[in-house]
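1. Fold the following for me, if possible:
(chains A and B)
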Amino acid sequence: MSTPTLRPFSLVAELTYRCPLRCPYCSNPLDCGAGAYRDELSTEDWARVFREARLLGVLQLGLSGGEPLLRRDLESLVAVAAEVGLYTTLVTAATGLGRDRAERLKQAGLDHIQISIQDSRAEESDRIAGARSFHRKLEAARIAKELGFPLTLNFVLHRHNLDRIDEILALAEELGADRVELANTQYYGWAWHNRAALMPTPEQLARAERVVAETRARVGHRMTILYVIPDYYEEYPKACSGGWGRRLIVVSPNGEAMPCHAATCIPDLSFPNVRDRSLEWIWFESEAFNRFRGTAWMPEPCRSCERREIDFGGCRCQAMLLTGNPAATDPVCHLSPDHHRVIEAREQARRPDFVPLTPRSMRAAPATP
Amino acid sequence: MSRFAPDSRPRLARGARLRWDEARQRHVVLFPEGALSLNATAAAVLGLCDGERTVAAIIAELEAQYPGAPVAEDVHDLLDRIAERGLLVDADA
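-> As a prediction, the model looks like this:
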């Protein structure tokens, strides 16, 4: 028996992989500089995709990248999205978000701005970002608030900034964030490459959780705090993007439609392109969106597990990276036969060795560690 | 005790939008990274929360449309529940 396919809720439009920052945990593919990705979709292509998405049932649109502000037609894209009734979020590093641009985006109908900041301290934030950017980000956050946008601040956490989580929360409060996402690094893409240098210790995580709980109790509804621990420290895996092919469509700069940001790490999966196919066909019919949908594809111990429709076997990309088999149980799960690989990574985090970070680059993809 | 007095004028919070979801045939409130599905009654109430009408006016309008229904109690319940999620505020507060 099969349940009917749900309609998607979110579309993430990766408008470009170009970016002024070089964060070593970037979620873009390791080969984000490849020629194919430079053949970016046109304004008209994206407009059609947004219309198709809305008809398909998508309600939330993330305008992401790379750095979406590098698209000169961003205002036109926001206007189309607003016209068809999508709720629009600009996911930005915000180094190019001055008052004029922000006002034009407001005029075009942008609903919400999410700004990434790399640390609570300028020097550390700029070091991780690989560019002087901290002060411009703060200025952009203030402009967003002045213009009446709901503001989300996103901080990616790792072993080099986790101990400043109290300062990070204080900065978010000072900037008047409505939401703050404290997202521990998850290990795929560039973060997989830099895993040994980024993985925090259990002590760091335990302390961070206490600080988050205390801050939540103090600020109440004034600021929503989302705190996500690394999958590697969970007992059970999370549903990949709410479950493969259940909620999310990600479209890359050149039009490849994927069930999650990291799906290109699965080597034998080919992704349909929005230049060739409708979003409806892609969602309901394509092999890429059906491969790990539902529960029929599952191996044991997932297949007979009572949590199989809670976590849907976890993250396919994590399974791929840790075991070489994208159809394996996510090794994060303590029931996985490959769970020792996660335990080894946790133990490695306890060793104080200095491991250098490889910054994201659009030149050549780094060799696999 | 409702958080909205009869003379308060509720409106959706900044950044929240009431939309018709054609694909699923229902109204939704959209907000950063989320959506709240509404039944027909909730959608009718929220459609009147424009920051101009008072709670008393909203109740009177719905009582005229649905005679005999326990409108006042339902409206207060609903407004409180949506305000609790941070999606509805008093325009004068």
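
2. Quick check, residue A:226 in contact with residue A:178.
-> No: in this structure residue A:226 lies outside contact range of residue A:178 using C-beta atoms under 8 Å: 11.7 Å. Any C-beta I mention is one placed from the backbone N, CA and C, and that applies to glycine too.

3. Can you pick out the residue with more neighbours from those two?
-> Taking other C-beta atoms under 10 Å in any protein chain shown, residue A:226 and residue A:178 do not tie; residue A:178 has more neighbours (22 against 13).

4. In contact with the more buried one: list those residues for me.
-> A:150, A:151, A:152, A:223, A:224, B:15, B:32 (C-beta atoms under 8 Å, 6 or more residues apart in numbering or on different chains).

5. Would you map the strands across chain B?
-> For chain B, the strands defined by DSSP state E cover B:10-12, B:17-21, B:26-31, B:34-38, B:88-90.

6. any chance of those strands in TSV, plus mean pLDDT, distance to chain A and mean neighbour count?
-> Below are these laid out as TSV (pLDDT from 0 to 100; distance: least, C-beta to the nearest C-beta, whole Å; neighbours: other C-beta atoms under 10 Å in any protein chain shown):
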stretch	mean pLDDT	distance to chain A	mean neighbour count
strand B:10-12	96	12	21
strand B:17-21	95	5	16
strand B:26-31	96	4	20
strand B:34-38	94	5	16
strand B:88-90	93	11	20
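
7. how about those, which one is nearest residue B:52?
-> With C-beta to C-beta as the criterion, residue B:52 lies closest to strand B:10-12 of the strands of chain B, at 8.2 Å.

8. Could I get the contacting residues of residue B:54?
-> With contact taken as C-beta under 8 Å, 6+ apart, residue B:54 is in contact with B:6, B:7, B:8, B:9.

9. burial of the last one, as a residue count?
-> Number of residues near residue B:9 (other C-beta under 10 Å) recorded here: 20.

10. The first one now?
-> Using other C-beta under 10 Å as the criterion, residue B:6 is surrounded by 13 other residues.

11. With the second one instead?
-> Using other C-beta under 10 Å, the number of residues around residue B:7 comes to 11.

12. one step back: pLDDT-wise, what's the bottom of the contacts of residue A:178?
-> By pLDDT, residue B:15 ranks lowest within the contacts of residue A:178, coming in at 92.

13. pretty sure it is touching residue B:33, no?
-> No: counting by C-beta under 8 Å, residue B:15 stays clear of residue B:33, with 10.8 Å between them.

14. Where does the prediction get shaky in chain B?
-> In the predicted model of chain B, residues B:1 satisfy pLDDT under 70.

15. got the residues of it near chain A?
-> Taking C-beta under 8 Å from any C-beta of the partner chain, the part of chain B that reaches chain A is made up of B:14-15, B:17, B:19-24, B:28, B:30-35, B:86.

16. hmm, back to that, neighbour count for residue B:15 and residue B:33, which is higher?
-> residue B:15 (20 against 17).

17. what's the nearest residue to the more buried one if we skip its chain neighbours?
-> residue A:150 (3.4 Å; C-beta to C-beta, 6 or more residues apart in numbering or on different chains).

18. Now do the contacts for the one you found.
-> By C-beta under 8 Å, 6+ apart, the contact set of residue A:150 is A:111, A:112, A:113, A:178, A:179, B:14, B:15, B:31, B:32.

19. Go again with 10 Å.
-> By C-beta atoms under 10 Å, 6 or more residues apart in numbering or on different chains, the contact list for residue A:150 reads A:89, A:111-114, A:144, A:177-179, B:13-16, B:31-32.

20. Just the buried ones among the residues you listed, please.
-> Neighbour-count burial (16 or more other C-beta atoms under 10 Å in any protein chain shown) applied to the contacts of residue A:150 gives A:89, A:111-114, A:144, A:177-179, B:13, B:15-16, B:31-32.

21. Let me have the residues you listed in CSV, extended by distance to residue A:138.
-> Listed next are the buried ones among the contacts of residue A:150 as CSV, based on distance: C-beta to C-beta, whole Å:
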residue, distance to residue A:138
A:89, 20
A:111, 22
A:112, 19
A:113, 13
A:114, 15
A:144, 11
A:177, 11
A:178, 16
A:179, 17
B:13, 25
B:15, 21
B:16, 26
B:31, 25
B:32, 20
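
22. which ones are touching the residue nearest in space to the middle of chain B?
-> Most central in chain B under C-alpha atoms, centre = their mean is residue B:46, positioned 2.8 Å from the mean C-alpha point. Taking C-beta under 10 Å, 6+ apart, we find residue B:46 in contact with B:10-12, B:16, B:18, B:27, B:29, B:36, B:38, B:58, B:78-79, B:82, B:87-88.

23. Name the nearest residue to the spatially most distant residue from the centre of chain B, sequence neighbours excluded.
-> Taking C-alpha atoms, centre = their mean, the residue of chain B most remote from its mean C-alpha position is residue B:23, at 22.1 Å. With sequence-adjacent residues excluded and distances taken as C-beta to C-beta, 6+ apart, residue B:23 is closest to residue A:57, at 3.4 Å.

24. Output the set of residues of the stretch 101-250 of chain A in proximity to chain B.
-> Within reach of chain B by C-beta under 10 Å from any C-beta of the partner chain, the stretch 101-250 of chain A has these residues: A:111-114, A:148-152, A:178-179, A:181, A:221-222, A:224, A:226.

25. change it to 8 Å
-> A:111, A:112, A:114, A:148, A:149, A:150, A:152, A:178, A:179, A:221, A:224.

26. out of these, which one sits closest to residue A:315?
-> Nearest to residue A:315 among these, with distances taken as C-beta to C-beta, is residue A:114, at 22.1 Å.

27. ok but the closest one is inside a strand, no?
-> Yes: the assignment for residue A:114 is a strand, going by DSSP: H, G, I helix; E, B strand; the rest coil.

28. Please name the nearest non-neighbouring residue to it.
-> The nearest residue in space to residue A:114 (C-beta to C-beta, 6+ apart) is residue A:152, at 4.1 Å.

29. how many neighbours does the one you found have?
-> 24.

30. hang on, it in a strand?
-> Yes: counting by three-state DSSP, residue A:152 is located in a strand.

31. what residues are up against it?
-> Counting by C-beta under 8 Å, 6+ apart, residue A:152 has contacts A:89, A:112, A:113, A:114, A:115, A:177, A:178, A:179, A:180, A:181, B:32, B:33.

32. one more time with 6 Å, if that's ok
-> Applying C-beta atoms under 6 Å, 6 or more residues apart in numbering or on different chains to residue A:152 gives the contacts A:114, A:179, B:32.

33. right, and the secondary structure at the closest residue to chain B within the stretch 201-350 of chain A would be what?
-> Nearest residue of the stretch 201-350 of chain A to chain B: residue A:221, at 5.7 Å (C-beta to the nearest C-beta). Following three-state DSSP, the label given to residue A:221 is helix.

34. Chain neighbours aside, what residue packs nearest to it?
-> Excluding the flanking residues, the one nearest residue A:221 by C-beta to C-beta, 6+ apart is residue B:86, at 5.7 Å.

35. If anything else comes up later, I'll come back, but that's it for now.
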